[in-house]
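Asker: Sequence first, then the predicted structure:
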Amino acid sequence: MVPEKRLSARALLVRSTLFLFIVLIAPRARTQTYRVIYAFTGQNKLSAGSTIALDSLGNFYGASNNSVRTCSAGACGAIYKISPTGTETTLYEFAGSPDGEYPNGVMVDGTGTLYGTTYYGGTSTFQYCNNYGCGVLFRLTGSGQETVLHSFNAPPGDGILPQAGVILGSNGALYGTTTNGGTGSVGTSGDGTIYRFANGKETVLYNFTDGVDGGLPSSSLLLRGGSLYGTANFGGTGPCFTTFGGGCGTVFRLDKTGESTLYEFQGGADGGFPAASLIADSAGNLYGTTVLGGDLNCEIGGPPAGCGVVFKLTRSGQETVLHTFTGSTDGAWPSNALVMDPAGNLYGTAYYGGDLQCNYGLGCGTVFKIDASGQFSVIHTFKGKEGAFPRALIAVGEKLYGVTDGGGPGGLFLTGVIYELTP
């Protein structure tokens, strides 16, 4: 018979202390949580849209492409507000002309004033805009009073069809892009512009040519150190013209010396067709996504091929692909801007991929993380009922807030949700 081993008093103390330590820290262990803050049901015709803004009081704002009121191109669209307690308020419904139609998103300043653009509406009768109007830049008070700051007119003197929102400079000026207009050469519609609005006047700062500089920008700008940075969907010298007309897109900078192209996508492993705005780290490196390119064996919806990449671009224009999407559990088509936390971790959304049982094998999207060491991981997979097809993200402290194009109780392809994710 083996004699029972007895623990010394010291060993017992160590074991007891270790047990107590585990008990004390266990409640503090962090788990990933996903919570729907507000689910659009379609009862008031509103949808979540593709962008989200948050004010200092915890109110969310977004732009719905749907609305009760209808315009010449369909639903006029509306701006909504969701309170911290989950109460939805329709702040403003557009009417087409002269106030705007089909809003692209909003931003909120420190006073609670909203700024944004609409793709159609306004006072222009330029034929290329299908007589729907060529879009407006607007301001909206917290009480829902709208002011049209600028009604986009017609090239070559102005840009038309702004497809992205605006950013606010430290001097109070607003900066943005238009997808068409300017002095470019896509028919008579132009290849897009960069504009500035200040002191009651809009000024075109740059006209794209769809050449090396890029063409048809559809994302917001990044203002850093007195320079504007952005992406253009097309243009550059990449070979994408063989399938989709006009290059694979560019990353550009605009400063006092003019416009310069920082990178031209080739549509292969490096990515192609950047559709989202950029972010920067403290060293001045840029980070972004492309919708296509990367893994050319991955196709969703036909050519051009690829399911997109996440990239890093140094100040000297050297690109590094941080992740190539496969269209499987990792996601596909990252079409929105990244966010970065103080530790240097990147977060973003992929519109498709994830759970391939959702959306007829294409997936309903993912939220992903790339840590400071470059490790990629999926931190949430959408399955439809709690949201589908994620779009914009914002980071507040240790939490992420986002919006989906669809999913929720309103159905897979309508309405959408606003959610909170703690990675």
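Answerer: Received, thanks. Numbering: from 1, shown residues only.

Asker: Run through the strands of the stretch 301-423 of the chain in chain order.
Answerer: Listed in chain order, the strands of the stretch 301-423 of the chain (DSSP state E, counting those that start in this stretch) span 309-313, 319-324, 339-340, 346-350, 366-370, 376-381, 388-396, 399-406, 417-422.

Asker: Highest mean neighbour count out of the ones you listed?
Answerer: Of all the strands of the stretch 301-423 of the chain, strand 346-350 carries the top mean neighbour count, a mean of 26, counting by mean count of other CB atoms under 10 Å. C-beta coordinates here come from the backbone N, C-alpha and C atoms, glycine included.

Asker: related to what we said a few turns ago, between the strands of the stretch 301-423 of the chain, which one is nearest to residue 135?
Answerer: strand 388-396 (19.6 Å; CB to CB).

Asker: Give me the distance from the closest one to the chain's centre.
Answerer: Chain-centre distance of strand 388-396: 7 Å, with CA atoms, centre = their mean, to the nearest Å.

Asker: Columns mean pLDDT and distance to residue 234 on top of the strands of the stretch 301-423 of the chain, output as CSV?
Answerer: Output for the strands of the stretch 301-423 of the chain, formatted as CSV (pLDDT from 0 to 100; distance: least, CB to CB, whole Å):
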stretch, mean pLDDT, distance to residue 234
strand 309-313, 98, 17
strand 319-324, 98, 18
strand 339-340, 97, 26
strand 346-350, 98, 22
strand 366-370, 98, 26
strand 376-381, 98, 28
strand 388-396, 96, 21
strand 399-406, 96, 23
strand 417-422, 96, 32
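
Asker: for these, which one sits closest to residue 175?
Answerer: Among those, strand 388-396 comes nearest to residue 175, with 18.2 Å by CB to CB.

Asker: now for that closest one, which elements pack on it?
Answerer: With contacts taken as 3 or more CB pairs under 8 Å, 6 or more residues apart in numbering; DSSP states H and E, strand 388-396 sits against strand 53-54, strand 339-340, strand 346-350, strand 366-370, strand 399-406.

Asker: ok, and what's touching the third one?
Answerer: Right, the one you point to is strand 346-350. Strand 346-350 is contacted from outside by 287, 289, 308, 310, 322, 325, 330-334, 336-341, 365-371, 379, 390-393, 395, 400, 402, 423, using CB atoms under 8 Å, 6 or more residues apart in numbering.

Asker: Same list (the strands of the stretch 301-423 of the chain) but as CSV, adding distance to residue 153.
Answerer: Output for these, formatted as CSV (distance: least, CB to CB, whole Å):
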stretch, distance to residue 153
strand 309-313, 34
strand 319-324, 37
strand 339-340, 35
strand 346-350, 34
strand 366-370, 40
strand 376-381, 43
strand 388-396, 29
strand 399-406, 30
strand 417-422, 35
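
Asker: do you know which of those lies nearest residue 197?
Answerer: In terms of CB to CB, the element of the strands of the stretch 301-423 of the chain nearest to residue 197 is strand 388-396, at 22.2 Å.

Asker: Show me what the closest one pairs with in its sheet, parallel or antiparallel.
Answerer: Strand 388-396 pairs in its sheet with strand 399-406 (antiparallel), by DSSP bridges.

Asker: Tell me where the stretch 101-250 of the chain has strands.
Answerer: With DSSP E, counting those that start in this stretch as the criterion, the stretch 101-250 of the chain has strands spanning 101-108, 114-120, 136-140, 146-151, 159-160, 167-168, 174-178, 180-181, 193-198, 201-207, 222-224, 227-232, 250-255.

Asker: Need these in JSON lines (columns: mean pLDDT, distance to residue 90 and mean neighbour count).
Answerer: Below are the strands of the stretch 101-250 of the chain laid out as JSON lines (pLDDT from 0 to 100; distance: least, CB to CB, whole Å; neighbours: other CB atoms under 10 Å):
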{"stretch": "strand 101-108", "mean pLDDT": "95", "distance to residue 90": "12", "mean neighbour count": "25"}
{"stretch": "strand 114-120", "mean pLDDT": "98", "distance to residue 90": "13", "mean neighbour count": "27"}
{"stretch": "strand 136-140", "mean pLDDT": "98", "distance to residue 90": "12", "mean neighbour count": "23"}
{"stretch": "strand 146-151", "mean pLDDT": "98", "distance to residue 90": "12", "mean neighbour count": "18"}
{"stretch": "strand 159-160", "mean pLDDT": "96", "distance to residue 90": "27", "mean neighbour count": "30"}
{"stretch": "strand 167-168", "mean pLDDT": "97", "distance to residue 90": "24", "mean neighbour count": "17"}
{"stretch": "strand 174-178", "mean pLDDT": "98", "distance to residue 90": "24", "mean neighbour count": "27"}
{"stretch": "strand 180-181", "mean pLDDT": "95", "distance to residue 90": "30", "mean neighbour count": "31"}
{"stretch": "strand 193-198", "mean pLDDT": "98", "distance to residue 90": "26", "mean neighbour count": "21"}
{"stretch": "strand 201-207", "mean pLDDT": "97", "distance to residue 90": "28", "mean neighbour count": "16"}
{"stretch": "strand 222-224", "mean pLDDT": "97", "distance to residue 90": "31", "mean neighbour count": "17"}
{"stretch": "strand 227-232", "mean pLDDT": "98", "distance to residue 90": "31", "mean neighbour count": "25"}
{"stretch": "strand 250-255", "mean pLDDT": "98", "distance to residue 90": "36", "mean neighbour count": "21"}
